[in-house]
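Q: pasting the sequence and the predicted model now:
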Amino acid sequence: MPDPINPSAPHDPTREPELNAAAERVAADVDAVRDDDLEPINRDPNGVVTTVLGANRLVQKYLPELEKMPGLDMARIRKLGDYADALLYWHGSATYAQPTKPEVAAMIERALIIRERTLHDLGALVRHGALDGALLTKFGDNAAHRKVASDLVGLSNLVHERWAELNGKTLITLAAMDEASALGKAIMQALGDRDLAQAELARDIARRNKAYTLVVRTYEELRSAVTFLRRAEGDADKI
């Protein structure tokens, strides 16, 4: 494959429906590429797409002649344009990693403060014999985000269930615990959204790698065929 230009074209949202449709048309072909049979991505995918799309347009008039050549996978060659569009689409998705939202970090920081304060207040009740200390053993001591969120919900449930015993003996309020529970749920939702985004990113990276393999191999097959077809004219490189 000739060394392609490495373009840095601006994002063009008007092409997204076209690229997405192409990606969907060839998704089965792309997914069928084995994970252990991938071409190394040693060229910029955007540059590869530029080269392939240009060559694919020029070669269209030679397709009837290529159809007569034995051994060519013409079904795949006819999809080369879609393969290239799919590569462009999934490369764009694979290189866009959604960063952790600042508000999520802020929620975690706030949740840690609420958990520590609530455990401190409940611990005082334990020390005064107003609450069984065994109820608190599973809370705290872990800053993992899911654990912090789960602790807020669990502490809220505990306070609500024991409110008849705790009312009037603590500065904790049911309203504050309701807010803590809502914050815990919001954190869980944010973490779930992040996990989904990461799973989608991993899928798009895998598809980008497979689409690259299809594009490179189909292009090389086409290029070899055109070189043979135009051997007398000697213009294969121009095409």
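A: Here it is on my side, so go on.
Q: contacts, neighbours, all on C-alpha from now
A: Noted.
Q: residue 51: how many residues sit nearby?
A: If you count neighbours by other CA atoms under 10 Å, residue 51 ends up with 19.
Q: with residue 207 instead?
A: Neighbours around residue 207, by other CA under 10 Å: 25.
Q: host element of it?
A: helix 174-229 (DSSP states H and E).
Q: out of everything not next to it in sequence, what's closest to the spatially most central residue of the chain?
A: The residue lying closest to the centre of the chain (CA atoms, centre = their mean) is residue 201, at 1.6 Å. Counting by CA to CA, 6 or more residues apart in numbering, residue 94 is the residue found nearest to residue 201 once chain neighbours are left out, at 5.8 Å.
Q: what about residue 196, distance to residue 164?
A: Distance of residue 196 to residue 164, given as CA to CA, to the nearest Å: 41 Å.
Q: now residue 206
A: 55 Å.
Q: check residue 135 too.
A: Counting by CA to CA - residue 135 and residue 164 are separated by 16 Å.
Q: comparing the two, which residue is more hemmed in?
A: residue 135 (12 against 9).
Q: what pLDDT does the more buried one get?
A: pLDDT, residue 135: 95.
Q: cool, residue 131 as well?
A: 94.
Q: count of neighbours near it?
A: 17.
Q: what of residue 199?
A: 12.
Q: how close does it sit to residue 206?
A: For residue 199 relative to residue 206 (CA to CA), the value is 11 Å.
Q: where does the protein have its least confident helix or strand?
A: Least confident element among the helices and strands of the chain, by mean pLDDT, DSSP states H and E: helix 16-25 (a mean of 88).
Q: tell me what it is packed against?
A: Counting contacts by 3 or more CA pairs under 8 Å, 6 or more residues apart in numbering; DSSP states H and E, helix 16-25 is packed against helix 80-94.
Q: pLDDT (mean, whole number) over the helix it packs on?
A: Helix 80-94 comes out at a mean pLDDT of 93.
Q: what angle sits between that helix and helix 16-25?
A: Orientation check (axes from the mean of the first three to the mean of the last three CA atoms, to 10 degrees): helix 80-94 against helix 16-25 gives 110 degrees.
Q: going C-terminal from helix 80-94, what's the next secondary structure element?
A: Later in the chain than helix 80-94, the nearest helix or strand by DSSP H and E is helix 102-127.
Q: what angle do the following helix or strand past that next one and helix 174-229 make?
A: Note on helix 102-127: by DSSP H and E, the next helix or strand toward the C-terminus is helix 145-161. Here helix 145-161 runs at an angle of 150 degrees relative to helix 174-229 (the same axes, to 10 degrees).
Q: can I get helix 145-161 in PDB, CA atoms only?
A: Output of helix 145-161 as PDB, limited to C-alpha atoms (Å, rounded to 0.1, in the frame of the first residue of the first chain):
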ATOM      1  CA  HIS A 145     -16.600   4.200  44.700                       C
ATOM      2  CA  ARG A 146     -19.300   1.500  44.600                       C
ATOM      3  CA  LYS A 147     -18.700   0.700  48.300                       C
ATOM      4  CA  VAL A 148     -19.000   4.300  49.300                       C
ATOM      5  CA  ALA A 149     -22.300   4.600  47.300                       C
ATOM      6  CA  SER A 150     -23.600   1.400  48.800                       C
ATOM      7  CA  ASP A 151     -22.700   2.500  52.300                       C
ATOM      8  CA  LEU A 152     -24.700   5.700  51.900                       C
ATOM      9  CA  VAL A 153     -27.800   3.700  50.900                       C
ATOM     10  CA  GLY A 154     -27.200   1.100  53.700                       C
ATOM     11  CA  LEU A 155     -26.700   3.700  56.400                       C
ATOM     12  CA  SER A 156     -29.900   5.500  55.300                       C
ATOM     13  CA  ASN A 157     -31.800   2.300  55.500                       C
ATOM     14  CA  LEU A 158     -30.300   1.500  59.000                       C
ATOM     15  CA  VAL A 159     -31.300   5.000  60.400                       C
ATOM     16  CA  HIS A 160     -34.800   4.700  59.000                       C
ATOM     17  CA  GLU A 161     -35.300   1.200  60.400                       C
END
